[in-house]
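A.B. asks: how would this look folded up:
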Amino acid sequence: MIQRIQSVFLLLLALAMLSVLFLPIWSKTDPASGQLLVMDAYHINYQKADPGMSAPISTWPVAAFAAASALVAIVEIFQYRNRFTQLKLGMVNFLLIVGTLGSGFYYSGQAEQMLNIKMPGTFQAGYYLPTLALLLNVLANRFIRRDEQLVRSMDRLR
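C.D. replies: Sure thing, here's the model as predicted:
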């Protein structure tokens, strides 16, 4: 059943993880030189690169974890007939979302050292969306478990 509340949570989770692919995750501005360093799901790049600046660093694991998580959430929506499979996919999705957060934090730490070490960088919306997705995943799993308990209680009455 596509109209269940956990399907709505899973759809929002997939949208949140897909938006991580398009939003900036971390940025840092050096006031002395005016340089802006931006990290998204694909690379860490200078906005205005001067000669002698380091080359962009690829951050493909962030994109891979986010895309895989969105795909698992969409597959999980259509597994509504088998709630046990949905719960297993929910656990896999939990690990993928934690992987997205962990790799985003790792690469932001690497980027921190690329530009004016004394000034801290700031996390952007792309970093906080996986946290929202984690909450949505927990809520979806809770309602899936509640459906399973309801079905089991109805089986006892027969």
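
A.B. asks: run through the residues that contact Ser58.
C.D. replies: Ser58 makes contact with Tyr42, His43, according to Cβ atoms under 8 Å, 6 or more residues apart in numbering. For every residue, glycine as well, the C-beta is placed using N, CA and C.

A.B. asks: just the pLDDT for it.
C.D. replies: We have a pLDDT of 91 for Ser58.

A.B. asks: quick one: contacts for Leu23?
C.D. replies: Asp40, Gln124, Ala125, Gly126, Leu129.

A.B. asks: ChimeraX command for the buried members of those residues?
C.D. replies: Selection of the buried residues among the contacts of Leu23 in ChimeraX, burial being defined by 16 or more other Cβ atoms under 10 Å:
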select :40,124,126,129
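
A.B. asks: out of the contacts of Leu23, which are inside helices?
C.D. replies: Counted as lying in helices by DSSP state H, out of these, are Ala125, Gly126, Leu129.

A.B. asks: which elements pack onto whichever strand or helix holds Leu95?
C.D. replies: Following DSSP states H and E, the helix or strand that holds Leu95 is helix 83-112. Applying 3 or more Cβ pairs under 8 Å, 6 or more residues apart in numbering; DSSP states H and E, one finds that helix 83-112 contacts helix 5-20, strand 26-29, strand 36-39, strand 43-46, strand 57-58, helix 60-77, helix 125-157.

A.B. asks: among those, which is nearest Ser108?
C.D. replies: Closest approach to Ser108 among the helices and strands packed on helix 83-112 (Cβ to Cβ): strand 26-29, 4.2 Å.

A.B. asks: pLDDT for the contacts of Leu23 - can I get that in CSV?
C.D. replies: Listed next are the contacts of Leu23 as CSV, based on pLDDT from 0 to 100:
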residue, pLDDT
Asp40, 92
Gln124, 92
Ala125, 91
Gly126, 92
Leu129, 96
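
A.B. asks: ok, the closest residue to Thr131 other than its chain neighbours - contacts?
C.D. replies: Of all residues not flanking Thr131 in the chain, Leu101 sits nearest, at 7.0 Å (Cβ to Cβ, 6 or more residues apart in numbering). Shown in contact with Leu101 (Cβ under 8 Å, 6+ apart): Tyr127, Pro130, Thr131, Leu134.

A.B. asks: likewise for Tyr106?
C.D. replies: Here Tyr106 is in contact with no residue (Cβ under 8 Å, 6+ apart).

A.B. asks: ditto for Gly102
C.D. replies: Neighbour list for Gly102: empty [criterion: Cβ under 8 Å, 6+ apart].
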